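**Q** Here is the input, now give the coordinates:
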Amino acid sequence: MSISRHTGLNLSFNVLSLAVYLVTVPLYLQWLGKEGFGLLALIWLLVTYFRLFDFGLSRAVTQRLAALAPTTPPATGETPEASPGSVIVWTALALSLVGGLAAALALIVGGPALLAAWDTLSAGSRLALLGATPWLAAIVPIITTSATLVGALQGRQRFLEMNVAMFTGLVLMQAAPLIVMATVGGGLEVVIPIVVLARASALLLLIVFCARAGLLTRPARFSRPEARQILRFGAWAGISSIVSPLMTALDRLVIAASRGPQAVPNYAVPFQLVERSLVLPHSLSEALFPRYGTLAADAAVELSRRSISMLAAVLTPIFVAGVFLFEPLLAWWLGAAFAIDSVLVGQLLILGFWTNALASIPFAQLQASGRPGVVARIHLLEVLPYLAFLGFALDRWGLAGAASPSVCVRARISLSCGVPQDSAAAQRSILQRARYCCSARSSRRDCGHRCHRWR
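**A** Numbers count the residues shown, from 1 in each chain. Down below sits the predicted model:
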């Protein structure tokens, strides 16, 4: 398959995921109320970002398998892709399981103390979360091992199987609790176990797909030399996998801690809605990552430049329109009362996500080319300015203030540091392309020509 077909496949499943989200969120708000949905949004957040305990192993597996694929033909009578690819996957799977179990143990031990210190939480919500702690701990190793298997399928460019498993888990996680609440009743005590079972179902699918791809052949074999190579790459990639999700999640955690879970929906809903605007850059970077592993350095840089130019041409008009259309669309979806407190948050987040969308391509190229340390250092540069501004802005300007650090801090660093080679010239080229696409001189035919060159 070509990059464009891989991107289209990833994009299709991401759009379907967005449709599921748009349908289910109003129902959760109606049945759980603002505080209940705020807690559920935090649980979804934790479920998503427990993947940080993968410590970069999934990215390392993708990079290792992508580099291995074109140079290691199968031996006579051997199942294609069985070995040494299978050794890589089994080794990474064992490492991710150990990391997940350690994180689960830490959650069981430290979770009750964290809940006791959360003074803005009502007694009923604290009791519900306390009862859910074992379930949340159980899901951590499920998520870390799932991430490794997703990385394995991506490294072999098995994007159909990868998306089917992930979409199945998402549909079950979003829709199954609603079905149970509609039929037998209940609240968060019903939702949380179903979320765990949904992710476990996705893990089973990933195991089946990896086995069919010859990536989990028996007997299972753990390789210490391979573990050292994976951990060497994963150490830097792990910094990115911890820092970047932590910064993405920190704003909602700070809001919940300082203003209570009832304030979270007015920030979490526009955040998750705007975050879905990254479906195209995410789909493209996921398709490009294994391809980068097979290219020479100059070819990889040129591919990144063309991809960034294409993204700027396609996304800029969409994001500009989103700033103006966000308020009426949110009011139509969830009502005018909800939109009043959320529209400025969404508009600010759109600006921040535009720059992150463009930076996702060079970040993927740097990691795939064996330079995850560069990406990790860039993410570390973001942390202190972000943390320093987040608390001040939230206290000074409310929920809109919590959205402003992603614009003021992350935007500049992403554009300055996230462009591959000749960064200043490339950055000027991107901004010129963005202005051109928003001007009257830009035509659909010209944008189509640029996309055809990228393909």
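
**Q** Now the phi/psi pair for Gly293, please.
**A** Backbone torsions for Gly293, taken as degrees, to the nearest 10, come to phi -60, psi -20.

**Q** Can we start the residue count at 706 from this point?
**A** Okay, residue one is now 706; in that scheme the one you just asked about reads as Gly998.

**Q** correct me, but it touches Gln768?
**A** Yes: contact status for Gly998 versus Gln768: in contact at 5.8 Å, counting by CB atoms under 8 Å. All C-beta atoms are positioned from the backbone trio N, CA, C, and that covers glycine.

**Q** Counting neighbours around each, name which of those two comes out higher.
**A** Gln768 (28 against 22; other CB atoms under 10 Å).

**Q** returning to that earlier point: show me whatever sits in contact with both of Gly998 and Gln768.
**A** Gly860, Ala1073 (CB atoms under 8 Å, 6 or more residues apart in numbering).

**Q** buried residues in the helix or strand that contains Thr953?
**A** According to DSSP states H and E, Thr953 maps onto helix 929-964. By neighbour count with 16 or more other CB atoms under 10 Å, helix 929-964 contains the buried residues 931-932, 934-936, 938-939, 941-957, 960-961, 964.

**Q** Now whichever strand or helix holds Thr888: buried residues?
**A** Per DSSP H and E, Thr888 falls inside helix 864-889. When burial is assessed from 16+ other CB under 10 Å, helix 864-889 yields the following buried residues: 864, 866-883, 886.

**Q** Low-confidence stretches in the protein?
**A** Along the chain, the parts satisfying pLDDT under 70 run over 706-707, 751-754, 756-757, 774-788, 820-827, 829-830, 833, 891-893, 950, 1110-1160.

**Q** Any idea how far stretch 759-778 is from the middle of the chain?
**A** 19 Å (CA atoms, centre = their mean, to the nearest Å).

**Q** next one: stretch 902-916
**A** Worked out by CA atoms, centre = their mean, stretch 902-916 lies 19 Å from the chain centre.

**Q** Next: stretch 903-917.
**A** That offset, for stretch 903-917, works out to 19 Å (CA atoms, centre = their mean).

**Q** List the neighbours of that stretch that are in contact with it.
**A** Taking CB under 8 Å, 6+ apart as the rule, stretch 903-917 contacts 752, 794, 844, 847-848, 850-851, 854-855, 857-858, 863, 866-867, 869-871, 873-875, 877-878, 881, 921-922.

**Q** circling back to that earlier point, the helix holding Thr888: what's the following helix or strand?
**A** helix 893-917.

**Q** report the angle between the axes of that following helix and helix 864-889?
**A** 160 degrees (axes from the mean of the first three to the mean of the last three CA atoms, to 10 degrees).

**Q** And helix 893-917, what's buried?
**A** Buried residues in helix 893-917, counting neighbours by 16+ other CB under 10 Å, are found at 893, 896-904, 906-908, 910-912, 914-915.

**Q** go on, stretch 1080-1093?
**A** Val1080, Ala1081, Ile1083, His1084, Glu1087, Tyr1091, Leu1092.

**Q** ok, the closest residue to the second one other than its chain neighbours - contacts?
**A** In this case it means Ala1081. Of all residues not flanking Ala1081 in the chain, Ile944 sits nearest, at 3.9 Å (CB to CB, 6 or more residues apart in numbering). The contact partners of Ile944, by CB under 8 Å, 6+ apart, come to Gly761, Ala1081, His1084, Leu1085.

**Q** Name the helix or strand for the second one, please.
**A** With secondary structure defined by DSSP H and E, Ala1081 is part of helix 1077-1102.

**Q** I'd like to know how far Val969 sits from Pro975.
**A** Val969 is 11 Å from Pro975, where distance means CB to CB, to the nearest Å.

**Q** Likewise for Ser763?
**A** Ser763 sits at a distance of 28 Å from Pro975 (criterion: CB to CB).

**Q** Can you find which helix in this structure contains the most residues?
**A** With secondary structure taken from DSSP state H, the chain has its longest helix at helix 708-754.

**Q** Can you name every helix or strand that the next helix-or-strand element following that helix contacts?
**A** Downstream of helix 708-754, the first helix or strand assigned by DSSP H and E is helix 762-773. On a contact count with 3 or more CB pairs under 8 Å, 6 or more residues apart in numbering; DSSP states H and E, helix 762-773 meets helix 790-822, helix 828-860, helix 929-964, helix 984-997, helix 1041-1073.

**Q** These into JSON lines, with extra columns for distance to Ser1009?
**A** What follows is those, written out as JSON lines (distance: least, CB to CB, whole Å):
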{"stretch": "helix 790-822", "distance to Ser1009": "25"}
{"stretch": "helix 828-860", "distance to Ser1009": "18"}
{"stretch": "helix 929-964", "distance to Ser1009": "17"}
{"stretch": "helix 984-997", "distance to Ser1009": "8"}
{"stretch": "helix 1041-1073", "distance to Ser1009": "5"}
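
**Q** quick one: which of those helices is nearest Pro731?
**A** Proximity to Pro731 (CB to CB) singles out helix 1041-1073 among those, at 9.7 Å.

**Q** can you give me the angle that closest one makes with helix 984-997?
**A** Using the same axes, to 10 degrees: helix 1041-1073 against helix 984-997 is 10 degrees.

**Q** by contact count, what packs against helix 1041-1073?
**A** helix 762-773, helix 929-964, helix 970-980, helix 984-997, helix 1002-1039, helix 1077-1102, helix 1104-1113, helix 1115-1122.

**Q** So Ala772 is in contact with Tyr997, correct?
**A** No: Ala772 is beyond contact range of Tyr997, at 9.5 Å (criterion: CB under 8 Å).

**Q** and the two? which has more neighbours close in?
**A** Legend: neighbour count by other CB under 10 Å for Ala772 and Tyr997, higher for Tyr997 (25 against 18).
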